[in-house]
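Student: mind folding the following:
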Amino acid sequence: MDEILLDVEEKMEGAVEYLRKEFRGLRTGRASGALVEHIKVEYYGSPTDLRQLATISAPEANLIIIKPFDPSGLKDIERAIQASNLGITPGTDGKVIRLVVPPLSIERRNQLAGQVKKMAEATRVAIRNARRDGNKDAEKKQKASELTEDEAKKGKDDIQKLTDQYEKNVTELVDAKTREIQES
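Tutor: Got it, this is the predicted structure:
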């Protein structure tokens, strides 16, 4: 049963971690390097994360500065930013790229809050799927006489506790991100 619980918890943790990563890439009206660091840049024929090609900083609340390690990659980085769906037009002086993050309109804030809720629901579904798989595994082991009925019941209760805990984590993440979107 410990093996099943460990597997279930690993899947749930993975789902929550994925949500955290997705939230970092959401624009909130406040400049953050996390907004652009995962943009894929076509660099010498292979897609590479922007953070591997440049220094990314946010010296002001509405400005991101990207300084490529290799100045010849400036145009590729600029193209990748324009191709991403950030809605920010890059400005360059030949050495660095400046991204001015405009303040969000009320309707855009509401749109982003809706997007946050959709992402959270997808994560909750992944958590529930992990619960379902764990419960099925416990039932199989019980039918194969590897677990007693009491062990399987306790295991299912533990899986439910994990599910509740991870769904609570998702709710906290959503609340924090929604607040951040509405405040900025």
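
Student: hey, where'd the strands end up in this protein?
Tutor: For the chain, the strands defined by DSSP state E cover 40-43, 46-49, 54-60, 63-68, 91-92, 97-100.

Student: which of these sits most buried?
Tutor: Neighbour counts (mean count of other CB atoms under 10 Å) averaged over each of the strands of the chain peak at strand 63-68, with a mean of 19. The C-beta positions use only the backbone N, C-alpha and C, and glycine is treated the same way.

Student: and the helix ranked longest in the chain, which residues are buried?
Tutor: Counting by DSSP state H, the longest helix found in the chain is helix 106-143. By neighbour count on 16 or more other CB atoms under 10 Å, the buried set for helix 106-143 is 109, 112, 116, 119-120, 123-124, 126-127, 130-131, 134-135, 137-138, 141-142.

Student: just stretch 174-184 next, same as before
Tutor: Buried, per 16+ other CB under 10 Å, within stretch 174-184: 174, 177, 178, 180, 181, 184.

Student: now find how far off-centre that stretch is within its chain.
Tutor: When distances are taken as CA atoms, centre = their mean, to the nearest Å, stretch 174-184 is centred 15 Å away from the chain's centroid.

Student: show the contacting residues for residue 96.
Tutor: 65, 66, 67, 68 (CB atoms under 8 Å, 6 or more residues apart in numbering).

Student: next one: the closest residue to the second one other than its chain neighbours from residue 152, what distance?
Tutor: Okay, so that is residue 66. With CB to CB, 6 or more residues apart in numbering as the criterion, residue 66 has its nearest non-adjacent residue at 4.3 Å, and that residue is residue 97. Separation of residue 97 from residue 152 (CB to CB, to the nearest Å): 57 Å.

Student: next one: residue 68
Tutor: As for residue 68, its distance to residue 152 is 57 Å (criterion: CB to CB).

Student: got the domain boundaries for this protein?
Tutor: Domain assignment of the chain by automatic domain parsing yields the ranges 2-24+105-183, 33-100.
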